[in-house]
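Student: what follows is a predicted protein model with its sequence.
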Amino acid sequence: MVALVNGVPRTLTLKDFLQHFLDFRVDVVERRARHRLAKAEARLHLVEGLLLALDRLDQVVQAIRSASDGPAAKASLVSGFGLTEPQAEGVLAMTLRRLTGLEAGKLRDEQQQLTATIGDLKGLLGSRERVLKVVMDEAEVVAAKHGRPRRSKILLDQSGAPAAESDIREEDVIPNTPSLITVSSRGFIKRMPTTDWEAQKRGGKGKSAGRLRDNDALEDVLSVMAHNTLLFLSASGRAFSVKAHKVPEATRTAAGSAVSQVLGLPAPEHFPTLLPVSSFSDEDARLVLSTTAGGIKCTQLSAFQKIKKNGLGAIKLDEGERLAAGALARPGSTVILASSGGMVAHFSLDTVRVSGRTAGSIKGMKLKPHESLVSMTVLPPDLAQLVAAAQAATKAADDAEDDDNRSSDSSPQQEQEQHEDAVSSSSSKDTGPWLLLITSKGHGKRVPLDGISIKKGRGTQGITGIKLGAGDSLALAQLVMSRDDDVVLASRQGVMIRCSAADIRAMGRQGKGVRVISLNEGDEVQTVAVVPAEHKTALA
């Protein structure tokens, strides 16, 4: 550390720093003792003069009365009684009350106390050990008055000895707090506390998410924890990583830093997918990737544990094909793919074989002409089982009904849609979980997951997820687990709004949805992120 030593800046070790501070405290104690000694000696000198005057009181009074003025009286006292000038001044300033015997006794007591104090101060100045003891006693008083319990922890290794410096990770000294990560289409990223976005009612105009540069738009908004590893997946199929806390923190209105600078890349890259990863060591963890052409691929997450600075290949893409989305999954999960035409396909991840990093994708969803895959949602195994069980129970109840309760001229497809809408109108409409569907024009809704049937195989065209108006298209689909979650929407022009998931109406697949955000002319929704309720609780 750097400190000023005798007015000169010097780099000191901890031992040197403490030694200089000890020398400073010793100097303070000694200078204070010398000051008190000088004051005590001056007072003792004056008290001795007063006592001498009291012992020869009549002669002193006679000398003062015979003097013509004050200076003559002082000169008479100095020459006739052997007093010094300060003592003579003290005698002349003495009031009549001091002439009593009681006051004389007080002066003799004060003389004894001053003599003892002077002896003690001289002893202190002559003993280094006593000075150090005073320094220690005063330090203990300060510690008792202002001290706080130690906040840091000393880490011990397996033998019980203090851990080596190399064993202490950077995350050990960084609080694991929630944040919002925003990325723009031109590759600028920043990290903001989630408290910068208080919840608003749906349909509002939102707040500016930052000073976007010309021809720039928000690409992704992600809720993360500081200790997460951010896994960047580029549109060209390469993976990069960085710790979340290493993303520069900025204010809500700041433009952010270049992603290429944060990742140390020589040239800018486009990253359609950004995932927070807490651990790469889980052998059951999977990384699921989908492409704009409807392809899907599943790879073990552990294959991305060691990512070099120049990235790591994640998927082989055909000409004209780009990476659309990525998600983390486990065996038993199910996948919901969504197309720009508002169609959704729900199938088990077990139908997608696990392949290596450099492999290509297989057919996940059949797309109509001029449509593309816009979103992929992965349901964890426990949630997938609950959804499957709810769908099976509802289907069994429907099968038990009489044929007279069904429309005789309904087609199988119509019967299937009626069944799924009935599921959507069940209690799950209020309890969730839901698939949040947001269109490019700012409309949205929550569809209960048990209203989106799980198909036996992949590669289908899917079913209707949301009815689209003229010129509208599905922008994104996200999983919402609780009504207490918050939803963050961002538009291409950089307007962001945060509202409660409960404010977005839950309805069946055939509904058009409600207006979630009011957009300016020519603007459209670019990205959607869900802030989980547990992240909000961590801020309380």
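Tutor: Arrived safely. Numbers count the residues shown, from 1 in each chain.

Student: and the helices in the stretch 1-150 of the chain?
Tutor: In the stretch 1-150 of the chain, the helices defined using DSSP state H, counting those that start in this stretch lie at 14-55, 57-66, 70-81, 85-93, 101-125, 128-146.

Student: what would the ones you listed look like in TSV with mean neighbour count?
Tutor: Every residue, glycine included, has its C-beta placed from N, CA and C. Shown next, in TSV, are these (neighbours: other Cβ atoms under 10 Å):
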stretch	mean neighbour count
helix 14-55	15
helix 57-66	13
helix 70-81	16
helix 85-93	17
helix 101-125	14
helix 128-146	12
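
Student: thought A345 was touching G457?
Tutor: No: counting by Cβ atoms under 8 Å, A345 does not reach G457; the two are 9.9 Å apart.

Student: where exactly do the helices run in the stretch 201-350 of the chain?
Tutor: In chain order, the stretch 201-350 of the chain shows helices spanning 259-263, with DSSP H, counting those that start in this stretch as the criterion.

Student: tell me which of A345 and G457 has more neighbours.
Tutor: A345 (28 against 10; other Cβ atoms under 10 Å).

Student: quick one: contacts for that one?
Tutor: A345 makes contacts with I336, L337, A338, G364, M365, K455, R458, T460, Q461, G462, I463, as judged by Cβ atoms under 8 Å, 6 or more residues apart in numbering.

Student: can you flag the buried ones in the residues you listed?
Tutor: Neighbour counting with 16 or more other Cβ atoms under 10 Å marks I336, L337, A338, G364, M365, K455, R458, T460, G462, I463 as buried within the contacts of A345.

Student: between those, which sits nearest T299?
Tutor: Nearest to T299, judged by Cβ to Cβ, of those is G364 at 14.2 Å.

Student: now the closest one: closest residue in space, sequence neighbours ignored.
Tutor: Once its chain neighbours are removed from consideration, G364 has its nearest residue in I296; the separation is 3.1 Å (Cβ to Cβ, 6 or more residues apart in numbering).

Student: what is the neighbour count of that neighbour?
Tutor: 26.

Student: and the gap between it and P248?
Tutor: Counting by Cβ to Cβ, to the nearest Å, the gap between I296 and P248 amounts to 34 Å.

Student: circling back: go through the buried ones among the contacts of A345 and flag which are in helices.
Tutor: Taking DSSP state H as the definition of helices, these contribute nothing to them.

Student: out of those residues, flag the one nearest to E524.
Tutor: Closest approach to E524 among the buried ones among the contacts of A345 (Cβ to Cβ): A338, at 16.3 Å.

Student: if that closest one is in a bridge, with which residues?
Tutor: The partner list for A338 in beta bridges (DSSP bridges) reads V344, S375.

Student: on that earlier part again, out of the helices of the stretch 1-150 of the chain, which gets nearest to S260?
Tutor: Minimum separation from S260 across the helices of the stretch 1-150 of the chain (Cβ to Cβ) falls at helix 14-55, 39.3 Å.

Student: got a list of contacts for stretch 47-64?
Tutor: Stretch 47-64 is contacted from outside by 73, 76-77, 80-84, 86-88, 90-92, 94, 98-99, 104, 107-108, 110-111, 114, using Cβ under 8 Å, 6+ apart.

Student: give me phi/psi at the residue nearest to the spatial centre of the chain?
Tutor: With distances taken as Cα atoms, centre = their mean, the residue of the chain nearest its centroid is T177 (3.6 Å). Recorded main-chain torsions at T177 are phi -100, psi 150, according to degrees, to the nearest 10.

Student: contact partners for the closest residue to it other than its chain neighbours?
Tutor: Computed as Cβ to Cβ, 6+ apart, the closest residue to T177 that is not its neighbour in sequence is A226, at 5.3 Å. Contacts of A226 were listed using Cβ under 8 Å, 6+ apart, and they are E171, I174, P175, N176, T177, P178, S179, A244, H245.

Student: got a pLDDT number for the last one?
Tutor: By that I understand H245. In this model, H245 is scored at 91, pLDDT.

Student: and it, how far from R151?
Tutor: From H245 to R151 the distance is 19 Å (Cβ to Cβ).

Student: and those two? which has more neighbours close in?
Tutor: For H245 and R151, the more surrounded residue by other Cβ under 10 Å is H245, and the numbers stand at 20 against 5.

Student: quick check: that one touching H227?
Tutor: Yes: in this structure H245 lies within contact range of H227 using Cβ under 8 Å: 7.2 Å.

Student: touching both of these two, which residues are there?
Tutor: Both H245 and H227 are contacted by E171, I174, under the criterion Cβ under 8 Å, 6+ apart.

Student: in stretch 264-278, what's buried?
Tutor: Within stretch 264-278, the residues scored as buried using 16+ other Cβ under 10 Å are L265, E269, F271, P272, T273, L274, L275, P276, V277.

Student: what of stretch 498-512?
Tutor: Using 16+ other Cβ under 10 Å as the test for burial, stretch 498-512 gives R498, C499, A501, A502, D503, I504, A506, M507, G508, R509, G511.

Student: which residues does I463 bridge with?
Tutor: The bridge-partner assignment for I463, based on DSSP bridges, gives V344.

Student: quick one, grab the pLDDT at E417.
Tutor: E417 is assigned a pLDDT of 54 by the prediction.

Student: ugh, typo on my part, it should be A63
Tutor: Confidence for A63, expressed as pLDDT, is 90.

Student: how much space between it and L77?
Tutor: Following Cβ to Cβ, the distance that separates A63 from L77 is 6 Å.

Student: over to G511?
Tutor: With the distance defined as Cβ to Cβ, G511 ends up 111 Å from L77.
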